[in-house]
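1. Make a model of this:
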Amino acid sequence: MDESILKYLKPFTDFTWRNIEAYADLSSVKQNETINFHVWSYTPSDFTVEFIRKGITDISMLTDTGYSENYATATEPYMNGCGWPICYTLTIPSNWASGAYIALFTISGAAVEVLFFVKSANPGVNSKILFQSSANTSQAYNNWPGNPAENTFGVHGKSLYDYNSYGPPTVPNTSIIRSFKVSFNRPMNLYDFYKWELPFIQWLEKNSYTVEYCTNVDLHEDPLLLQNFKLFLSVGHDEYWSWEMRDHIESFTSNNGNTAFFSGNTCWWQVRYEQVKKNKMLVCYKDEYYDPMPYPKKTVNWYTPQIDKPENLMTGVSFYNGVYHDPPSMPDAYFKAKLNKHWLLKNTGLPFDGQFGVYQNLVLDKHYQTIGYETDAAEYTDWEFKFPLPTGKLPIDILGKSAPKDFMVLANSNLTNWGENGLGSSGYNNHNGWVTMGIFRVPNILSGGFSFTAGTTDWSIGLLYIVENQNVEDPWNEIHQITKNVLDILSAVNFLPQPFLLDNPNFENWTEISPGIWNPDGWYKEGSGNIEKSSPGHSGQYCLKVDAVNGQTWVSQNYIPVRTNRQYSVRCWAKGSDPTNLLINPITIRLQTTDGYSDFAIANYNGGTTWQEISAIGIINSSETKLQPVRVKIQVSSGIIAYFDEVVVEEI
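-> You can find the predicted model right below:
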């Protein structure tokens, strides 16, 4: 998040005084490995610790006791860590499944939670989906122990933000109160986990998904972390990324790995880690002047030209084109479906411009809004108002680079009216104030994976509607269906791009446009002949009959987005009525550009009167990979009668 908008945030990360505090020395740990807990108590006392696996139901895994005292706290704990001794050590049992765990420490009626994640000892064996927790963002906002006037430690707390930092300026004679470095070795507020990550985890379990877990730190430290997975998940508020995190993700997606960013404000700041003895620190200066590290490792915004790796290259979108709004007062905002026939929107029933993303639980009297509180977006233009075409524009121009022009905007929302508490009406640039959900393919012609983005921090809120809706036997909404599509398709070991969802590809749906004259829904006719529904079809009740006896006839469907420099297949079942016709290519189906109507794939029927599957593969060569509107066209030469069924267009 940008510092200029933080004046609107409530200080939700401030701490109230507690009799007990604790933190762990790791944010994640493998099965059969150990994790240490450092516990402080106001008075020397025994404590109870309960280990709980968080999910659709809390599972108590272990209860034990230990001892803690009022240990001295290190100076400047926000940066140096608290320095408390180890009070409890846990070796993770081999039967503790990978997941999110809470260590609940209690003493004299007071309690504190410590979050950690258990990783699989054999990554990728139980699941091909890896869920990443945004530990970096949580620590960036962590200002423990908050206001020194309200805590018993006598020290001031700082975060990577001025708005909730206390104490003297970090840089003398300036207004910079925030720290440039924050320690992982201090208690932490679990706001982000409970707001965004836990609802997603609960939804996963409710829908019987087995998933493995890690944190940002694991992605940074382990270049082999992703090698046994097919799909990487980023959820919620994933704002802070290191150079190594980017490298490891980009290597993964260049080798057929897929990513799904169910998050917003994603990859906004570059960070690095520093280790002083046992104290791990997250470093982010947010100002090139103060950071002693040379480019490209300076800890500033990723879109900075000297870094040369804008966030759009990884996600397709940027907070630069997005919006922020104070969470308690966000106006209702709905996604509008654009490429409603894309395979990631299948089974949603959404028409073009169909709205979704705001839901109401009348029993709980609870409102669920998916868009907000921070969004990311791509810049684009509308192509004849049929679907958006990305411009490829970066936040700041970088020679030789552009955002993915083959980014398919599946849905969007105009948030420029969010007003005073948002960045919709002003801010970074005059394109501000949108959210775009979409997908693009990483530019590796042989093995590039797919990158999906929801473009919003609050996607999980739409899933929370499913988790909490106990009064409906099988609760459903579009957010639920799209999430299922993403996980089911992009996590498949033998994943291939799915066919584009054409309108009425099997010619089962017809509309009577005038008495006795019928037209297949989604298709339009040109030429001198006639079309009608014929029964039976190749596999269904109907098929398309094209009677071109009186002249050449075409039946087409427009506005299909394809990527240049990628191979596409078009196929269908066809049959003729005259086995002796000697015309060249009398019965064809083809893919054709809409700017000049040039054919780039033509499948021919070989003659006869029996059903044959015909197919062709083609490519639109271009100096750059971008979206190109095309049409699928059935063509029958003069004097011929032909039949068609089961049309498919798909990327190879």
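
2. contacting residues for residue 575?
-> The contact partners of residue 575, taken as CB atoms under 8 Å, 6 or more residues apart in numbering, are 605, 608-612, 642-643. The way it works is simple: take the backbone N, C-alpha and C, and place the C-beta from them, glycine included.

3. for residue 482, same thing?
-> Taking CB under 8 Å, 6+ apart as the definition, contacts of residue 482 comprise 344-345, 348.

4. nearest to residue 567, of those residues?
-> The shortest approach to residue 567 among the contacts of residue 482 belongs to residue 344, at 20.3 Å (CB to CB).

5. lowest average confidence, helix or strand, in the chain?
-> When each helix and strand of the chain is scored by mean pLDDT, DSSP states H and E, strand 380-383 comes last, with a mean of 83.

6. Output the contacting helices and strands for that strand.
-> strand 387-390 (3 or more CB pairs under 8 Å, 6 or more residues apart in numbering; DSSP states H and E).

7. Please name the strands paired to the strand it packs on in the sheet, noting orientation.
-> The sheet places strand 387-390 alongside strand 380-383 (antiparallel), with pairing taken from DSSP bridges.

8. Tabulate the CA atom coordinates of the longest helix along the chain in PDB.
-> Selection of the longest helix in the chain by residue count, based on DSSP state H, yields helix 478-490. Extracted as PDB, the C-alpha positions of helix 478-490 are listed here (Å, rounded to 0.1, in the frame of the first residue of the first chain):
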ATOM      1  CA  GLU A 478     -19.900 -17.100  -9.000                       C
ATOM      2  CA  ILE A 479     -16.800 -16.600  -6.800                       C
ATOM      3  CA  HIS A 480     -17.100 -20.200  -5.600                       C
ATOM      4  CA  GLN A 481     -17.500 -21.500  -9.200                       C
ATOM      5  CA  ILE A 482     -14.600 -19.400 -10.600                       C
ATOM      6  CA  THR A 483     -12.300 -20.500  -7.800                       C
ATOM      7  CA  LYS A 484     -13.200 -24.100  -8.500                       C
ATOM      8  CA  ASN A 485     -12.500 -23.700 -12.200                       C
ATOM      9  CA  VAL A 486      -9.100 -22.100 -11.500                       C
ATOM     10  CA  LEU A 487      -8.100 -24.800  -9.000                       C
ATOM     11  CA  ASP A 488      -9.500 -27.800 -11.000                       C
ATOM     12  CA  ILE A 489      -8.100 -26.800 -14.400                       C
ATOM     13  CA  LEU A 490      -4.800 -25.100 -13.500                       C
END
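
9. Past it, which element shows up next along the chain?
-> Helices and strands here follow DSSP states H and E; after helix 478-490, the next one along the chain is strand 510-514.

10. list the buried ones in whichever helix or strand comes after that next one?
-> Of the helices and strands lying after strand 510-514 in sequence (DSSP H and E), the nearest is strand 517-520. Within strand 517-520, the residues that count as buried by 16 or more other CB atoms under 10 Å are 519-520.

11. Give me the mean pLDDT for strand 517-520.
-> Along strand 517-520, the predicted confidence averages to a pLDDT of 94.

12. for whichever helix or strand comes after that strand, packing partners?
-> Sequence-wise, the next helix or strand beyond strand 517-520 is strand 524-527, with elements assigned using DSSP H and E. Under the contact criterion of 3+ CB pairs under 8 Å, 6+ apart, the helices and strands touching strand 524-527 comprise strand 553-563.

13. Break down the stretch 351-500 of the chain into its helices, ranges please.
-> 459-468, 478-490 (DSSP state H, counting those that start in this stretch).

14. Contacts for the shortest one next, please.
-> The list of residues contacting helix 459-468 from outside it, by CB under 8 Å, 6+ apart, reads 56, 195-197, 199-200, 202-203, 206, 235-236, 262-264, 357, 359, 361, 364, 366, 368-370, 475-480, 483.

15. that's a helix at residue 96, yeah?
-> No. Note on residue 96: no helix contains this position according to DSSP: H, G, I helix; E, B strand; the rest coil, which reports coil.

16. what's the closest non-adjacent residue to it?
-> Spatially, and ignoring its direct neighbours in sequence, residue 96 is nearest to residue 118 (5.3 Å; CB to CB, 6 or more residues apart in numbering).

17. That neighbour is in what secondary structure piece?
-> Since the elements are taken from DSSP H and E, residue 118 ends up inside strand 110-119.

18. from the chain's centre, how far out does that strand sit?
-> Averaging C-alpha coordinates over strand 110-119 and over its chain gives two centres that are 26 Å apart (CA atoms, centre = their mean, to the nearest Å).

19. could I get it in CSV with only the CA atoms?
-> Listed next in CSV are the C-alpha coordinates belonging to strand 110-119 (Å, rounded to 0.1, in the frame of the first residue of the first chain):
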residue,chain,number,x,y,z
ALA,A,110,-4.9,-13.9,29.4
ALA,A,111,-4.1,-15.5,26.0
VAL,A,112,-2.0,-14.9,22.9
GLU,A,113,-1.9,-16.7,19.6
VAL,A,114,1.1,-17.5,17.5
LEU,A,115,0.6,-18.5,13.9
PHE,A,116,2.8,-20.9,12.0
PHE,A,117,2.5,-23.2,9.0
VAL,A,118,3.4,-26.9,8.8
LYS,A,119,5.0,-27.8,5.5
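
20. Each with direction, which strands does the helix or strand following that strand pair with?
-> On the C-terminal side of strand 110-119, the closest following helix or strand by DSSP H and E is strand 129-133. Listed by DSSP bridges, the sheet partners of strand 129-133 and their directions read strand 212-215 (parallel), strand 231-237 (parallel).

21. then strand 129-133 to PDB, C-alphas only?
-> Coordinates of the C-alpha atoms in strand 129-133 are reproduced here as PDB (Å, rounded to 0.1, in the frame of the first residue of the first chain):
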ATOM      1  CA  ILE A 129      -1.500 -27.000  -5.100                       C
ATOM      2  CA  LEU A 130       0.800 -24.900  -2.900                       C
ATOM      3  CA  PHE A 131      -0.900 -22.100  -0.800                       C
ATOM      4  CA  GLN A 132       1.500 -19.300   0.200                       C
ATOM      5  CA  SER A 133       0.800 -17.200   3.300                       C
END
